[in-house]
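> from the sequence below, what's the structure:
(2 chains)
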2 protein chains.
Amino acid sequence: MSSTAAPSARTRLHRLPDRGHHDFATIAAIVDACHICTVAFQWNGSVHAIPTSHWREEGHLYIHGAKASRLLKALCEGEACITLARVDGLVLARSAMHHSMNYRSVVIYGRFEEIVDPEHKRHSLQRFIDGIVPGRWDTLRPIHDKELNATRLLRIALDEASAKVRAWGVKDDEEDLDWPVWAGVIPLQTHFGPALAEVDSVVQTPATPVLK
Amino acid sequence: MSSTAAPSARTRLHRLPDRGHHDFATIAAIVDACHICTVAFQWNGSVHAIPTSHWREEGHLYIHGAKASRLLKALCEGEACITLARVDGLVLARSAMHHSMNYRSVVIYGRFEEIVDPEHKRHSLQRFIDGIVPGRWDTLRPIHDKELNATRLLRIALDEASAKVRAWGVKDDEEDLDWPVWAGVIPLQTHFGPALAEVDSVVQTPATPVLK
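Numbering: from 1, shown residues only, chains lettered A, B, ... in the order given. Purely as a prediction, here's the structure:
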C-alpha cells in the first residue's frame, strides 16, 4: 500500500497551495473517480500524451493495451507523468478573473513496470472488468491464453503523486459583491443514458455498471 | 484557419486506424466538446502534464493562467503535446478482450505562443467567458488592466493534430455471439445539476451555461 508521504520537488504545489493534497485516500479516490487518465512521456525526441483507461489496485494505477502498441512499449523505457481530472462544476463569478471550475485532479510521476506473470495479468484484468460491472468477469466467455499474451499490462506506483481539488463557491473581490450579475456554481454531473443492447444479445437485462 | 492536412509522423495512427480522423471539423468539434485539456511538456529534466481549461478560436486552442505560474512560463520554451478526451459510453462485450469505451479524443503537437497585445488578450478572454455563458462578459464587472496584466495567455495551432473516435456497438468474435451475457453500450452523459447561488448574489435567476 502506497502512503504518498511528503511532497517531492515535482509534486509540491506552488500555485494555489490551498487546493493541494498529498494524502493517499484523497489521491486514490480521484483515481477511482476517473474513467481515463492521460499518460505523458518523452519518446523519439518528442513529448507524447495519450488518453487511456485505467484502474487502481491498492497503491498502483494500472493500464493495458495491445502488445503490438509502439507507445506502450516505449513507455517502460523512461519516466512518465500521469494526470487524471474531472470537472465538477462551473464557477461563475461577478468578475471575469474569478471565474473558475470546481474539479478534482491528480498528477503522478514515476516509471511504469510491466506485469508479465500470466496469473497476475489475469487477476488484474478481472479487477478492471469487475470494477466496471461488479461480478461481470465470471459471466464472460473465459479469456484465452492467446488474448492474455497479446495484452501488455503496466502499472505505476502512486508514491510520487499530488491531488488538487476545488470544491467551493465563488471567491469574488469584496468590492464586487453587489455587482448585479448572478454569482454561483453550476454543478456538472455524469449519468448513464438508456442501455443500448446489441440486437443479437442473448440476455436482455442490461448490465449495471458502477457510476463514477 | 487551420486546415490540419496530411498526418505527420507523430499524428499518423498506427493502432486502430479506423478510429482516426485528421479533418479540421472533427478535431475542432472535439476541442469544443471538452471543458479541459491536458498539456504535456518537458521541463527541468522531467515530463510534466497539467490539466487546464481551454477554449478554441478558429484554428487555435487557447489556455491562460497566472503570469506568476512557473509552468506556464516554461511551456513556451519548448514543444508541447495537448490531449483532450471525453468518454461517451461503456462498451460491454461478451469477452473481456472486446470490452471498450466509446470516446472522442484529440492529440495536438506544437509550440505555444504567448499573446501579449492587451486588446487581443481582452478579446480572447471575452471569447472564453462568452463560450461558457453566451453574453456574460458584458454583464460582469469590467476587467481591470492590472488583472489583464497578471494573466498569461497562450495559444497553439491545431495544425499538427489528430482525432480518435469510437462511436459504435460491441465488436465480439463471431463464435461468442450466443454467449449468455448481456452485450451492449451504456452511454455516459453529462448534465448540469441545480444551480447553487451564492447567498449574497444580487441577481437570483441563475446563468445558463452551454452544455458541452
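> how about the least confident helix or strand in chain A by mean pLDDT as PDB, C-alpha atoms only?
Lowest mean confidence among the helices and strands of chain A (mean pLDDT, DSSP states H and E): helix A:70-75, at a mean of 87. Provided in PDB are the C-alpha atoms of helix A:70-75 (Å, rounded to 0.1, in the frame of the first residue of the first chain):
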ATOM      1  CA  ARG A  70       4.700   1.000 -30.000                       C
ATOM      2  CA  LEU A  71       3.900   3.700 -27.500                       C
ATOM      3  CA  LEU A  72       3.100   1.200 -24.700                       C
ATOM      4  CA  LYS A  73       6.400  -0.500 -25.200                       C
ATOM      5  CA  ALA A  74       8.300   2.900 -25.300                       C
ATOM      6  CA  LEU A  75       6.500   3.800 -22.000                       C
END
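> what residues does that helix touch?
A:39, A:41, A:43-44, A:48, A:50, A:63, A:65-66, A:112, A:152, A:154, B:14 (C-beta atoms under 8 Å, 6 or more residues apart in numbering or on different chains). (C-beta placed from N, C-alpha, C; glycine too.)
> buried ones among those residues?
With burial judged by 16 or more other C-beta atoms under 10 Å in any protein chain shown, the buried subset of the contacts of helix A:70-75 is A:Val39, A:Phe41, A:His48, A:Ile50, A:Ile63, A:Gly65, A:Phe112, A:Arg152, A:Leu154.
> which of those fall in strands?
When DSSP state E defines the strands, the subset of the buried ones among the contacts of helix A:70-75 inside them is A:Val39, A:Phe41, A:His48, A:Ile50, A:Ile63, A:Gly65, A:Arg152, A:Leu154.
> excluding chain neighbours, give the residue nearest to the fourth one in space.
The one in question is A:Ile50. With sequence-adjacent residues excluded and distances taken as C-beta to C-beta, 6 or more residues apart in numbering or on different chains, A:Ile50 is closest to A:Val39, at 5.5 Å.
> same check, this time on the second one
For A:Phe41, ignoring the flanking residues on the chain, the nearest one in space by C-beta to C-beta, 6+ apart is A:Ala80 at 4.5 Å.
> spell out the secondary structure type for the closest residue to A:Arg12 other than its chain neighbours.
Closest residue to A:Arg12 apart from its sequence neighbours, by C-beta to C-beta, 6+ apart: A:Ser162 at 7.7 Å. Following DSSP: H, G, I helix; E, B strand; the rest coil, A:Ser162 is assigned to strand.
> briefly note if the lengthiest helix in chain A comes near chain B.
Using DSSP state H, we find that the single longest helix of chain A is helix A:118-132. Yes. Applying C-beta under 8 Å from any C-beta of the partner chain, one finds helix A:118-132 touching chain B at A:Leu125, A:Gln126, A:Ile129, A:Ile132.
> quick check: buried residues in the helix or strand just after that helix?
Using DSSP states H and E, the helix or strand that follows helix A:118-132 in sequence is helix A:145-149. Neighbour-count burial for helix A:145-149, counted by 16+ other C-beta under 10 Å, picks out A:Leu148.
> send me helix A:145-149 as PDB with only the CA atoms.
Provided in PDB are the C-alpha atoms of helix A:145-149 (Å, rounded to 0.1, in the frame of the first residue of the first chain):
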ATOM      1  CA  ASP A 145      -4.200 -17.600 -23.200                       C
ATOM      2  CA  LYS A 146      -3.600 -16.100 -26.600                       C
ATOM      3  CA  GLU A 147      -5.600 -13.000 -25.700                       C
ATOM      4  CA  LEU A 148      -3.700 -12.700 -22.400                       C
ATOM      5  CA  ASN A 149      -0.400 -13.000 -24.300                       C
END
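> show the average pLDDT along that helix.
In this model, helix A:145-149 has an average pLDDT of 97.
> tell me if that helix is near chain B.
Yes. Helix A:145-149 is in contact with chain B by C-beta under 8 Å from any C-beta, via A:Glu147.
> which other helices and strands does that helix contact?
On a contact count with 3 or more C-beta pairs under 8 Å, 6 or more residues apart in numbering or on different chains; DSSP states H and E, helix A:145-149 meets helix A:118-132.
> the helix it packs on: which residues count as buried?
Quick answer for helix A:118-132 (16+ other C-beta under 10 Å): A:Lys121, A:Arg122, A:Ser124, A:Leu125, A:Gln126, A:Phe128, A:Ile129, A:Gly131, A:Ile132.
> avg pLDDT for that helix?
For helix A:118-132, mean pLDDT rounds to 98.
> swap in stretch A:44-56?
Rounded mean pLDDT across stretch A:44-56 is 95.
> do stretch A:81-98 as well
The model assigns stretch A:81-98 a mean pLDDT of 98.
> ok so, going back, what are the buried residues along the least confident helix or strand of chain A?
A:Leu71, A:Leu72, A:Lys73, A:Leu75.
> do the same with stretch A:189-197
For stretch A:189-197, by 16+ other C-beta under 10 Å, it's A:Ala195, A:Leu196, A:Ala197.
> tell me the mean pLDDT for it?
98.
> that older thread, filter the buried residues of stretch A:189-197 down to the ones close to chain B.
Answer for the buried residues of stretch A:189-197 near chain B (C-beta under 8 Å from any C-beta): A:Ala195, A:Leu196, A:Ala197.
> and the pLDDT at the nearest residue to the first one once chain neighbours are set aside?
What sits nearest to A:Ala195 in space, not counting adjacent residues and going by C-beta to C-beta, 6+ apart, is A:Pro206, at 3.5 Å. A:Pro206 is assigned a pLDDT of 97 by the prediction.
> and the gap between A:Pro206 and B:Leu84?
Counting by C-beta to C-beta, to the nearest Å, the gap from A:Pro206 to B:Leu84 is 29 Å.
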